[in-house]
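structural data only, the sequence is not supplied:
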């Protein structure tokens, strides 16, 4: 795909309320995932793998962690003179209020939209994790002469999931109806859409003037009668992150080899900020089964069916099962953890027992000492 054909926009904060426990000090886009990644890595990599060289990241608050992670975009080959990576925080001037929803946010990013110079915009949210072929979606958009193309997945929604934007389509793929509903089996939006830049600017300006709040839930459904809106199906693995439980389920799905093979497709690699560290050290008495272990960990106890991020320490006699332990978490001697999500830099003292369930996980806050 021609590099100037498409520019990308990623929402970093739009769904922060979905993962409240994990977003108290960070944006949803910068929530850690899969032992070494952040959620934004998937949207960024999807765009870059399609040849996109200009990406704007719309932020609102708590974006220091995000800034530290994406930096100047070098990990995604976005440190360049033409195009590159742009952080788009709230820009407050007289007459412009701090935005409250996605239409406000996009209007706030109008300067980027005017200057990026591409023909199309690929708009991405952060609540669905998938390895999406954006290039194929853009080609389908052009071939069908669509005004808007919405990337969707057809499947079973998680039981704990809230209402999703469910699509009804004609035989040719044109979307005839978009409704918010909770159903067992449906074609639902993944928060990714393709649209011509000039049309997008007009739609956002009109929606802003009419005080319409949400682009996906309000603007898109109202566009169906006037515009040609088509669907593009993503058939691979999708994880919908709309609460802590679905985050846990998506993380544990990575223990399945077939899921990892699909999500971390070698032809479209998921890129992330690198961190040079020593290999993980395993003690003589350690036992590790069916787990993902990041670099720099020290394991002297037992780890089963768990995901350990970089720099996690598990002392002798400690047992960790069905857990997600984020960066630099330390589990002391003879502690027992089962169904626990521990945020980064947390500390579990000796002989402490923390047990959750498959539905209600025990959560340890960032830097908390238990």
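It's in. Since this is a predicted model, take the numbers as computed values, not measurements. Residues are numbered from 1 along each chain as shown.

so where's the longest strand in the protein?
Of all the segments of type strand in the chain, defined by DSSP state E, the longest one is strand 185-196.

just how off-centre is that strand within its chain?
In terms of C-alpha atoms, centre = their mean, to the nearest Å, the centre of strand 185-196 is found 15 Å from the chain centre.

next one: stretch 11-27
The chain centre lies 10 Å from the centre of stretch 11-27; the measure is C-alpha atoms, centre = their mean.

from the contact counts, what lies against the longest strand of the chain?
Where contact means 3 or more C-beta pairs under 8 Å, 6 or more residues apart in numbering; DSSP states H and E, strand 185-196 is packed against strand 120-124, strand 128-129, helix 134-143, strand 148-156, strand 164-169, strand 229-233. (Glycine included, C-beta is placed from N, CA and C.)

buried deepest among these, which one?
strand 128-129 (a mean of 26; mean count of other C-beta atoms under 10 Å).

residues contacting that one, please?
Applying C-beta atoms under 8 Å, 6 or more residues apart in numbering, the external contacts of strand 128-129 come out as 33, 39, 42, 153, 190-192, 238-241, 250, 263.

within the sheet, what are the partner strands of that strand, with directions?
Here strand 128-129 is paired, per DSSP bridges, with strand 239-240 (antiparallel).

what residues are up against residue 259?
With contact set as C-beta under 8 Å, 6+ apart, residue 259 has these partners: 237, 253.

check the one 10 residues further on too.
For residue 269, the contact set (C-beta under 8 Å, 6+ apart) comprises 45, 49.

report pLDDT for it.
At residue 269, the model reports a pLDDT of 95.

distance of it from residue 131?
Distance of residue 269 to residue 131, computed by C-beta to C-beta, to the nearest Å: 9 Å.

overlap of the contact sets of those two?
Shared contacts of residue 269 and residue 131, defined by C-beta under 8 Å, 6+ apart, are found at residue 45.

what's the local residue count around residue 39?
Counted with other C-beta atoms under 10 Å, residues neighbouring residue 39 total 29.

my guess is it contacts residue 29. True?
Yes. The pair residue 39 / residue 29 is scored as a contact, 5.4 Å apart, by C-beta atoms under 8 Å.

just give me the closest of the contacts of strand 128-129 to residue 56.
Nearest to residue 56 among the contacts of strand 128-129: residue 192, at 15.0 Å, using C-beta to C-beta.

quick check: the closest one touching residue 126?
No. Look at residue 192 against residue 126 with C-beta under 8 Å: they stay out of range, at 10.5 Å.

show me where the stretch 1-150 of the chain has its helices.
40-49, 64-70, 102-108, 110-115, 134-143 (DSSP state H, counting those that start in this stretch).

quick one: closest of those helices to residue 246.
Closest approach to residue 246 among the helices of the stretch 1-150 of the chain (C-beta to C-beta): helix 40-49, 15.1 Å.

touching that closest one from outside, list them.
Contact partners of helix 40-49, identified using C-beta under 8 Å, 6+ apart, comprise 6, 8, 10, 12, 29-30, 33, 55, 57, 66, 69-70, 76-78, 122, 124-126, 129-132, 134-135, 192, 268-272.

could you flag which of the residues you listed are buried?
Taking 16 or more other C-beta atoms under 10 Å as the criterion, what is buried in the contacts of helix 40-49 is 6, 8, 10, 12, 29-30, 33, 55, 57, 66, 69-70, 76, 78, 122, 124-126, 129-132, 134-135, 192, 268, 270-272.

about what we covered before: let me have the contacts of strand 128-129 in TSV, extended by distance to residue 103 and pLDDT.
Shown next, in TSV, are these (distance: C-beta to C-beta, whole Å; pLDDT from 0 to 100):
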residue	distance to residue 103	pLDDT
33	28	94
39	23	94
42	24	95
153	24	93
190	19	91
191	15	90
192	17	94
238	25	92
239	26	90
240	23	85
241	22	87
250	28	93
263	31	94
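
which non-adjacent residue is nearest residue 178?
Distances taken as C-beta to C-beta, 6 or more residues apart in numbering place residue 221 nearest to residue 178, at 4.2 Å, with adjacent residues excluded.

the one you found touches residue 176, doesn't it?
No. Contact criterion C-beta under 8 Å: residue 221 and residue 176 do not qualify, at 10.7 Å.

the two: which has the busier surroundings?
Neighbours were counted for residue 221 and for residue 176 using other C-beta under 10 Å; residue 221 has more, 17 against 11.

may I have the phi/psi pair for that one?
Residue 221 adopts backbone torsions of phi -60, psi -30, taken as degrees, to the nearest 10.

what pLDDT is listed against it?
Predicted confidence (pLDDT) for residue 221: 90.

I'd like to know how far it sits from residue 127.
18 Å.

ditto for residue 121
Taken as C-beta to C-beta, the span from residue 121 to residue 127 is 19 Å.

and what of residue 349?
35 Å.

more neighbours, those two?
Taking other C-beta under 10 Å, residue 349 and residue 127 do not tie; residue 127 has more neighbours (20 against 13).

surely the more buried one touches residue 191?
Yes. Between residue 127 and residue 191 there is a contact under C-beta under 8 Å: 5.7 Å.

returning to what we had before: list residues touching both of residue 39 and residue 29?
Counting by C-beta under 8 Å, 6+ apart, the shared contacts of residue 39 and residue 29 are residue 126.

quick one on the thing from earlier: looking at the helices and strands packed on strand 185-196, which is closest to residue 276?
Of those, nearest to residue 276 by C-beta to C-beta is strand 128-129, at 25.7 Å.

tell me the mean pLDDT for that closest one?
What strand 128-129 shows for mean pLDDT is 89.

so how far is it from its chain's centroid?
5 Å.

how's this structure carved up into domains?
As assigned by automatic domain parsing, the chain contains the domains 6-263, 281-364.

report the separation between residue 56 and residue 88.
Taken as C-beta to C-beta, the span from residue 56 to residue 88 is 5 Å.
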